[in-house]
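Q: attaching a predicted model along with its sequence, questions to come.
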Amino acid sequence: EDVRSQTFDNKDYFCGKETFPVYESIFTEEGETIRKIAIEIEKPPQIEIHVWTIRKGILHHFYVEKLSKREFEGLPYFKLITRTTLSQWKIFSEGEAQISQMCESRVCRTELEDLVKVLYLEKSEKGHC
């Protein structure tokens, strides 16, 4: 059976909504995990990177940094994980703010994983746009 891969540039795939590339980087050192989720925005042209520092499952530090596309291209370890809409990114950012407060004193592995899943768009069925 012919299985078509998900083509991120195909606007029909997401009912004609504009989508933006989302990247992820995860690395662990000295018992600490640093997870970065980045979105490439066209106007203004920049990369917004959300950085989570997780120690023993507890979110110890969270911040957002903005880089130019050129600066971002020089960073190692980032891989494209999906494309998302600005409305989904807003839901992600709002959820992130809630989780950062909630997870300062308790383990939040599943909450952080579920939050990242918000960025993945469901393929719309033809005629359901």
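A: Arrived safely, thanks for sending.

Q: hmm, residue 99 is touching residue 108, no?
A: Yes - taking contacts as CB atoms under 8 Å, residue 99 lies within contact range of residue 108: 6.2 Å. (Each C-beta comes from the backbone N, C-alpha and C, glycine too.)

Q: hey, what's in contact with both of the two?
A: residue 59 (CB atoms under 8 Å, 6 or more residues apart in numbering).

Q: what's the following helix or strand after the longest helix seen in the chain?
A: Secondary structure assigned by DSSP state H gives helix 86-102 as the longest helix of the chain. Toward the C-terminus, helix 86-102 is succeeded by helix 109-117 as the next helix or strand (DSSP states H and E).

Q: on the three-state scheme, the residue nearest to the spatial centre of the chain is what?
A: What sits nearest the mean C-alpha location of the chain, by CA atoms, centre = their mean, is residue 37, with 4.2 Å. What DSSP: H, G, I helix; E, B strand; the rest coil gives for residue 37 is strand.

Q: fine by me, thanks again.
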